[in-house]
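Engineer: sequence? don't have it. structure:
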């Protein structure tokens, strides 16, 4: 069903058909479909969706659309929706609401929901605690497979959360058991005999990026989250981990392009003012830093007044330096992000980059030297450019690989040490190198 | 256990302890641990690992280490390892082996393994077919829950593959049923009554990035892969989808930094020559393109001979243009990659970027204009720089947002239209704009 079809059905009041079509749709697609509806139509269609599914659809809707619904809904209706949502989705939604609305809403929901939400709201943003769900299957050692299955049947929660069950004794996590084990063993087998006491877990305060990287590394479906006393307080499931990975990667890419965006809205939803704000900070910093390079150039006024051709090679040198630096920094930043490189590799990285820089710079210098000699028949100029290129490339690669590692060591995000910042630093170096070499060789 | 401890245990021939410690380790961590061992020790330790687990460990090892093992192993031993591996892991491994080794190995493995591998080897690289596994649970409509569970017990395969079961009739996929449904329903319920006929699927020839994006969008555990006749031939599981997402993102980032890396080896494993090769191509292209900017500068020799100060603003203008362009292109490239932006949004994107450019450029121009007026008391120069900045930023943002969208439309990877290429294009534009404005205002 396209948005157009939905509108036509709405206009013709074919509510039954809408209800039937929506009931076969995936919640993600229903949320997509509702995206362009105005408040009134949105409420009409939303109320047609069966309760459980409506909660899921709501979790996938964007903030604007949610706000529209909440404005139309009564407090009771919103509270019922919150009750039907999984606690982590409910928290995601509440975090974007004004505090007084949250308080009033929490008064309306049932006790279990309220206490789950309150607990989740306490964890710091981007921590394991903030992305976990408190719904998980808790079993005990002395249970049998039959009893475990009965228990799962009774609590009956989201399917992605039942595939790993947690064996708990006085809130302490003692072991895990997979749904597969429950499915393939006889009813009378004891949980204690099936559970594995070798399991991975994270702490509530662990960074969400670390949590997501555990999923990537070990291919997990879910990971238990324990508090400082080793008590299990929730689990993180793979679908949330995948969202975190996407979000963190986008954040890295934005930082690497000199964007300070902290907002999670999509490109089109972000206002012009917000966009401008996230871009202007670094642009200003980098623009004023670049004037340093400019003021260095003015010191060599005599040089380029004597040989004006010198000026024409500035863009080529600056660009090549910037590109070399950003190649190295990108490789290192990504290597650090996926856990392929560590601080202990620093010396290996420097030595590798140095050799790569040597190979690359000589190739570039020879190619450009020949071009200049052929075009201008000026051997001295060819040597100046070739020598400047070699030094610039080596400096660029060194700066490009060292800054991200240094940032990591200082607990800063390596991603800010990317292309734009490195380009600005390398620019200054390349101009100094270039004019120094030129003044020596041309004896200016 | 650290690598050091392992070495000490090996030297002291404490094989029993090694065996015991390894048996509680996760296969991923065992592979990590074996990374630095030489061929002989590697084979000794590897043979200590229990067969099923050894196959998993082998799947996580890198190519160098695998090669070492294969060199020491007999053909029979390698074939036994292949038999124990899941078909998709076996294919990953075989794809990196010389063709004659593959042929000899396939002669040794059992018939089922050989046919599964042969089938997977036929699919184009980076297609759904190439990343799927052929092991999945096939059920039939008329089965009961009890029969289904018995069937799962009998085939007993990897746990991530049992959580969604596929209802098949004459090879055609008719519905899916989750393990959760099997677990919470009575033994006598018919599969036909539980299965859902609304399911997502992909085709064998679909691009792996598309497949991975379905996982990201819908939070799936597994997705069925069907051939052109609608017959199910395999499934892709979430852990492989996560690997694809990571791989594709790394590839995008590398492309965005002017790297032509096609190899999947880690940074440290890649040779200096390989590194140099993946960097030199774009550096050469961009270096020679930058000389165009240089030759434009030489045309304005008279201008900067008359007012040498003009030269000192070149780096600031070029850098700001480059940074503005890369901000826009990064936002668009990432937006396209995660499916948040589409070709149909082109006009909206252009209009948004234009307004953002207007806001940002005026802010930068005013800040820099004031600085120049204060520093040099030169109103004309302040106006030249401010006007050049405004135009450069607008051009940069337009180029930065349009090129990735155009690339997408032409079925090229938008990621190549990133920072380095855009910087080079914007450089030329900014120099032309700058000197044009300068010659007019200073009447040169």
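Structural biologist: Yep, it's here. In this text, all values refer to a predicted model and were calculated from it rather than measured experimentally. Residues are numbered from 1 along each chain as shown, chains lettered A, B, ... in the order given.

Engineer: Give me the buried positions along the helix or strand hosting residue A:45.
Structural biologist: Assigned by DSSP states H and E, residue A:45 belongs to helix A:39-48. Using 16 or more other CB atoms under 10 Å in any protein chain shown as the test for burial, helix A:39-48 gives A:41-43, A:45-46, A:48. Every C-beta, even on glycine, is put in place using the N, C-alpha and C of the backbone.

Engineer: Likewise for stretch A:69-85?
Structural biologist: For stretch A:69-85, by 16+ other CB under 10 Å, it's A:69-70, A:72-73, A:77-85.

Engineer: Residue A:363: which of the residues you listed is nearest?
Structural biologist: Within these, proximity to residue A:363 (CB to CB) peaks at residue A:85, which comes in at 58.6 Å.

Engineer: Tabulate the buried residues of stretch A:69-85 in CSV, adding columns for distance to chain B and pLDDT.
Structural biologist: Listed next are the buried residues of stretch A:69-85 as CSV, based on distance: CB to the nearest CB, whole Å; pLDDT from 0 to 100:
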residue, distance to chain B, pLDDT
A:69, 22, 87
A:70, 24, 85
A:72, 27, 85
A:73, 26, 86
A:77, 26, 85
A:78, 24, 85
A:79, 25, 85
A:80, 24, 85
A:81, 20, 86
A:82, 20, 84
A:83, 21, 84
A:84, 18, 85
A:85, 15, 85
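
Engineer: Out of those residues, list just those in strands.
Structural biologist: If you go by DSSP state E, the buried residues of stretch A:69-85 have nothing in strands.

Engineer: Which members of these are positioned in helices?
Structural biologist: A:69-70, A:72, A:77-84 (DSSP state H).

Engineer: Among those residues, which pair sits farthest apart?
Structural biologist: The farthest-apart pair in those, when distances are taken by CB to CB, is A:72 and A:83, at 18.5 Å.

Engineer: hang on, the earlier thing: redo the buried residues of helix A:39-48 as TSV? Include distance to chain B.
Structural biologist: Converted to TSV, these look like this (distance: CB to the nearest CB, whole Å):
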residue	distance to chain B
A:41	22
A:42	21
A:43	25
A:45	19
A:46	20
A:48	17
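
Engineer: Could you dump these into a markdown table and include pLDDT?
Structural biologist: Below are the buried residues of helix A:39-48 laid out as a markdown table (pLDDT from 0 to 100):
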| residue | pLDDT |
| --- | --- |
| A:41 | 87 |
| A:42 | 89 |
| A:43 | 88 |
| A:45 | 87 |
| A:46 | 89 |
| A:48 | 87 |
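
Engineer: Pull the distance from stretch A:232-242 to the chain's centre.
Structural biologist: Centre-to-centre, stretch A:232-242 and its host chain are 16 Å apart (CA atoms, centre = their mean, to the nearest Å).

Engineer: And chain B, is that stretch touching that?
Structural biologist: Yes - under the criterion of CB under 8 Å from any CB of the partner chain, chain B is reached by stretch A:232-242 at A:238-239, A:242.

Engineer: Looking at those, which is nearest residue A:275?
Structural biologist: Checking these one by one against residue A:275 (CB to CB), the nearest turns out to be residue A:242, at 26.4 Å.

Engineer: distance of that closest one from residue B:303?
Structural biologist: Residue A:242 is 55 Å from residue B:303, where distance means CB to CB, to the nearest Å.

Engineer: what's the answer for residue A:132, then?
Structural biologist: Taken as CB to CB, the span from residue A:132 to residue B:303 is 63 Å.

Engineer: Neighbour count: these two, which is higher?
Structural biologist: residue A:132 (29 against 18; other CB atoms under 10 Å in any protein chain shown).

Engineer: Quick check: closest non-adjacent residue to that one.
Structural biologist: Spatial nearest neighbour of residue A:132, excluding adjacent residues (CB to CB, 6 or more residues apart in numbering or on different chains): residue A:234 at 3.5 Å.

Engineer: any idea which element that neighbour lies in?
Structural biologist: Judged by DSSP H and E, residue A:234 forms part of strand A:232-237.

Engineer: Kindly calculate the angle that the next helix or strand after that strand makes with strand A:232-237.
Structural biologist: Later in the chain than strand A:232-237, the nearest helix or strand by DSSP H and E is helix A:238-256. Using axes from the mean of the first three to the mean of the last three CA atoms, to 10 degrees, the inter-axis angle of helix A:238-256 relative to strand A:232-237 is 70 degrees.

Engineer: now the closest residue to chain B within the stretch 1-150 of chain A, nearest residue through space, not along the chain?
Structural biologist: At 4.9 Å from chain B, residue A:24 is the closest residue in the stretch 1-150 of chain A, using CB to the nearest CB. Nearest non-adjacent residue to residue A:24, counting by CB to CB, 6+ apart: residue B:198, 4.9 Å away.

Engineer: For the one you found, give me the pLDDT.
Structural biologist: With respect to pLDDT, residue B:198 scores 86.

Engineer: Then the one 3 residues further on?
Structural biologist: As predicted, residue B:201 sits at a pLDDT of 94.

Engineer: and if you look at residue A:63?
Structural biologist: pLDDT, read off for residue A:63, is 81.

Engineer: same deal with the one 5 residues further on?
Structural biologist: The predicted local distance difference test score for residue A:68 is 86.

Engineer: Neighbours of it, how many?
Structural biologist: 20.

Engineer: Report the contact partners of the nearest residue to it once chain neighbours are set aside.
Structural biologist: Leaving aside its sequence neighbours, residue A:68 sits nearest to residue A:39 (CB to CB, 6+ apart; 4.2 Å). Neighbouring residues of residue A:39 by CB atoms under 8 Å, 6 or more residues apart in numbering or on different chains: A:68-69, A:71-72.
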